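1. below: sequence and its predicted model.
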Amino acid sequence: MGECWQLRKTGLYDFHVQNGAKMVPFAGYAMPLSYGSVGQVASHNHIRTSVGLFDVGHMVQSNFRGATAAAFLEWLTPSSLKSLSPYSSTLSVILNENGGIIDDTVITKHSDDAFYVVTNAGRRDRDLAWFRQKLDEWNSSEHANDGKVEHEVLEDWGLVALQGPKAAEYLQKLTSSDLSKLTFGKSAYVTIGGFTLHVARGGYTGEDGFEISIPPSQTAEVAQLLSQSPVQLAGLGARDSLRLEAGMCLYGNDLDEDTSPVEAGLSWVIGKDRKESGDFIGAEGVRKHLKDGPPRRRVGLVVEEAPARQGAQIFAPSGKDVIGKVTSGIPSPTLNKNIAMGYVLSGWHKKGTEIEVDVRNKLRKAVVTPMPFMKPNYWRG
């Protein structure tokens, strides 16, 4: 707790403390790890079977507006945004000149000239400086002849994620909008208990759920509304094991600036029409990996005996040749197996390939396993 004074706080800091949260530093913020006596595994299991609420207000929420906003964001990312329908979202990646991942992001299109973009807290300074630099370049070029692009950061806004198979049933009691029509990857403005809020269907757990953006003055009140029984408050501990079972990347562990979306198994975020002709930053590096195949690939692993953690080296079965390393690993509460994610040299990435992982100076057998490790339960209508 000693260093929490110099960490940033979300609008729910006091709410967490009142609810018995154990606060820890994460991405420059004081964030809840867990609450009261509820352990990480119990919290994880509650979200897989019922419903939990996460504070994700440390994430950076932005609006990009202007006649050329879609073209600007199609320069920053390899996604097809012009063809995205209004109030639809896509996972995307912001790339550097080499095609490495500056950050992963969710982009929601409200209209052809308005986009809502969520980026990672740990990449805040890098992302915001990059946005500023690229906006200056864009707005002073002929690209902006049809209109400049403006960027607004929604500072101090709240963002909460209601996640789990009972999330829709719980939220439906608080709104007259028919949530069954709001399918995975879609968003809408919904009135919840008298507050009109931006609600996106999706999340970071593999379960059905909603990410709800809240103006600063309403954040604590909305969190109170969304945390009545059977909702349990959930922290970073459960968030990490849930997202890993769902095969989702954590920036800084599983993604970085030296990794391309092709290596990361994220080629699907690259728009079909943009693979050949897309004029996006980093296109040359990405195309090389698409054409020649990447030198290494992100894979899922099931590890025998002991859980492999970030940084553990991956070996060929002889135990002599290093072929990669683990980037995230946990004992999976849902599967009762040790699961991990990591990168291996191309050729070792095929399903069922047997390899070995160095866990605490002992080689453990592991098998390359498709991700997600559990079947996602998204609401697709």
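-> Ah, there it is. None of these values were measured; they are calculated from a predicted model. Numbers count the residues shown, from 1 in each chain.
2. following the helix or strand where residue 196 lies, which helix or strand comes up?
-> In this assignment (DSSP states H and E), residue 196 forms part of strand 195-201. Where DSSP H and E defines the elements, the next helix or strand beyond strand 195-201 is strand 209-214.
3. list of residues touching that next one?
-> The contact list for strand 209-214, computed with C-beta atoms under 8 Å, 6 or more residues apart in numbering, reads 11, 56, 61, 116, 118, 154, 157-164, 167-168, 171, 192, 195, 197-203, 222, 226. Bear in mind the C-beta positions are built from the backbone N, C-alpha and C, glycine included.
4. ok, 7 Å please
-> 61, 157-164, 167, 171, 197-203, 222 (C-beta atoms under 7 Å, 6 or more residues apart in numbering).
5. buried ones among these?
-> Buried subset of these (neighbour count, 16 or more other C-beta atoms under 10 Å): 61, 157-164, 167, 171, 197-203, 222.
6. before we move on, the earlier item: and the strand holding residue 196, what other elements does it pack with?
-> Judged by 3 or more C-beta pairs under 7 Å, 6 or more residues apart in numbering; DSSP states H and E, strand 195-201 is in contact with strand 187-192, strand 209-214.
7. switch to 10 Å and redo it
-> Counting contacts by 3 or more C-beta pairs under 10 Å, 6 or more residues apart in numbering; DSSP states H and E, strand 195-201 is packed against strand 88-95, strand 101-111, strand 114-119, strand 158-163, helix 167-172, strand 187-192, strand 209-214, helix 219-225.
8. kindly export that strand (C-alpha atoms) in CSV.
-> Taking C-alpha atoms only, strand 195-201 is exported to CSV below (Å, rounded to 0.1, in the frame of the first residue of the first chain):
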residue,chain,number,x,y,z
PHE,A,195,-28.3,7.0,-16.3
THR,A,196,-27.9,6.9,-20.1
LEU,A,197,-24.6,5.0,-20.7
HIS,A,198,-22.5,3.6,-23.6
VAL,A,199,-22.8,-0.2,-23.3
ALA,A,200,-20.7,-2.6,-25.4
ARG,A,201,-21.4,-6.3,-25.4
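9. ok and that strand relative to strand 114-119, angle-wise?
-> 70 degrees (axes from the mean of the first three to the mean of the last three C-alpha atoms, to 10 degrees).
10. report the angle between strand 195-201 and strand 158-163.
-> On the basis of the same axes, to 10 degrees, strand 195-201 is oriented at 50 degrees to strand 158-163.
11. quick check: neighbours of strand 195-201 in the sheet, parallel or antiparallel?
-> Partners of strand 195-201 in the sheet, by DSSP bridges, are strand 187-192 (antiparallel), strand 209-214 (antiparallel).
12. distance to residue 338 for these - can I get that in a markdown table?
-> A markdown table is the format used below for the strands paired with strand 195-201 (distance: least, C-beta to C-beta, whole Å):
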| stretch | distance to residue 338 |
| --- | --- |
| strand 187-192 | 36 |
| strand 209-214 | 26 |
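13. nearest to residue 28 among the helices and strands packed on strand 195-201 would be which one?
-> strand 114-119 (13.3 Å; C-beta to C-beta).
14. residue 188: neighbouring residues, count only.
-> When neighbours are defined as other C-beta atoms under 10 Å, residue 188 has 14 of them.
15. what about the helices in the protein?
-> With DSSP state H as the criterion, the chain has helices at 13-18, 40-49, 69-76, 124-139, 167-172, 219-225, 236-245, 272-277, 283-292.
16. mind listing what residue 144 touches?
-> Taking C-beta atoms under 10 Å, 6 or more residues apart in numbering as the criterion, residue 144 is in contact with 66-68, 71-72, 135, 137-138.
17. quick check, nearest of those residues to residue 35?
-> Nearest to residue 35 among the contacts of residue 144, with distances taken as C-beta to C-beta, is residue 135, at 39.7 Å.
18. correct me, but that closest one touches residue 149?
-> Yes - when contacts are counted by C-beta atoms under 10 Å, residue 135 is listed as touching residue 149 (6.1 Å).
19. which one of those two has more residues nearby?
-> Legend: neighbour count by other C-beta under 10 Å for residue 135 and residue 149, higher for residue 149 (23 against 19).
20. which residue packs closest to that one, ignoring adjacent ones?
-> residue 66 (4.0 Å; C-beta to C-beta, 6 or more residues apart in numbering).
21. can you list the low-confidence ranges for the stretch 51-200 of the chain?
-> Counting by pLDDT under 70, not a single residue of the stretch 51-200 of the chain qualifies.
22. is the closest residue to residue 315 other than its chain neighbours bridged to anything, and to what?
-> Nearest residue to residue 315, sequence neighbours excluded (C-beta to C-beta, 6+ apart): residue 356, at 4.5 Å. Per DSSP bridges, the residues bridged to residue 356 are residue 315, residue 365.
23. can you get me a residue count around residue 356?
-> Applying other C-beta under 10 Å, we find 20 residues neighbouring residue 356.
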